[in-house]
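1. Predicted model and sequence follow; I will ask about them next.
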Amino acid sequence: MPQIVKGGKYVFGWSKVNEQGRIMIPKESMEEYNYFEGQKVFLMPGSKKSGGFGITTYEKLNESKLSSILKNNPDLAQFKLEKGKIKEIKGKTFCWEKIQNNNIKMSENALKVFGINPGNFLLAVRGSNLSLGFISKGPIYEEAKKHPEIPIF
């Protein structure tokens, strides 16, 4: 996993969004974040600067400063919302998906809300301890374009 600028974020690679909205989760990030096949994960918005979204688990979100999201939204916390259905919480969008074959399949609506289209390349980056980031713009994204050694998934 390269670090593309000194002191910068580590990147796992590029994930191309396929025509069905599937996005590959790099194997190395699956291991680092302890994701597993069949696991239900939350998608949450990325930063305004980087766009995209982050993937996190119930446990990580519940142990974070954002735990009130789960406490105040039991339908999301208990995965009672339809898979891929967007829930807006304090102006931010959340949904859940299930990891299958090391990827997630985002609903058409989720793709739209997170500003992603089939054919887009997302840069999988080490985010905080909270989530794996899939960024779609910004300085890190632009710098990564200059590094052909970054793998594509």
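-> On my side now, so go ahead. Just so it is clear, the structure is predicted and the values come from calculations on it, not from any experiment. Numbering: from 1, shown residues only.
2. give the contact list for the residue nearest the centre of the chain.
-> For the chain, Gly54 is the residue whose C-alpha lies nearest the centre (C-alpha atoms, centre = their mean; 3.1 Å). By C-beta atoms under 8 Å, 6 or more residues apart in numbering, Gly54 lies in contact with 43-46, 127, 130-134. Quick note: C-beta positions are derived from backbone N, CA and C, even for glycine.
3. what's the answer for Lys40, then?
-> Lys40 neighbours (C-beta under 8 Å, 6+ apart): 58, 79, 96-99.
4. Likewise for Asn34?
-> Contacts for Asn34 (C-beta under 8 Å, 6+ apart) come out as Thr57.
5. Where does pLDDT dip in this protein?
-> Scanning the chain with the threshold set as pLDDT under 70 gives 1-3, 5-8.
6. where along it do the helices fall?
-> Counting by DSSP state H, the chain has these helices, from start to end: 27-32, 58-62, 67-72, 74-77, 108-113, 139-144.
7. What residues sit buried inside the second one?
-> By neighbour count, with 16 or more other C-beta atoms under 10 Å as the criterion, the buried positions of helix 58-62 are 58, 60-61.
8. hang on, the earlier thing: would you mind measuring from the residue nearest to the centre of the chain to Met44?
-> Distance, Gly54 to Met44, by C-beta to C-beta, to the nearest Å: 5 Å.
9. Mutual contacts of those two, please.
-> Looking at what touches both Gly54 and Met44 (by C-beta under 8 Å, 6+ apart), the common residues are Ser131.
10. what's stretch 77-96 in contact with?
-> 40-45, 58, 69-76, 97-98, 105-107, 109-110, 113-114.
11. Count the neighbours of Lys85 for me.
-> Lys85 is flanked by 14 other residues according to other C-beta atoms under 10 Å.
12. ok so, going back, please narrow the contacts of Lys40 to those residing in strands.
-> Residues of those located in strands (DSSP state E): 96-98.
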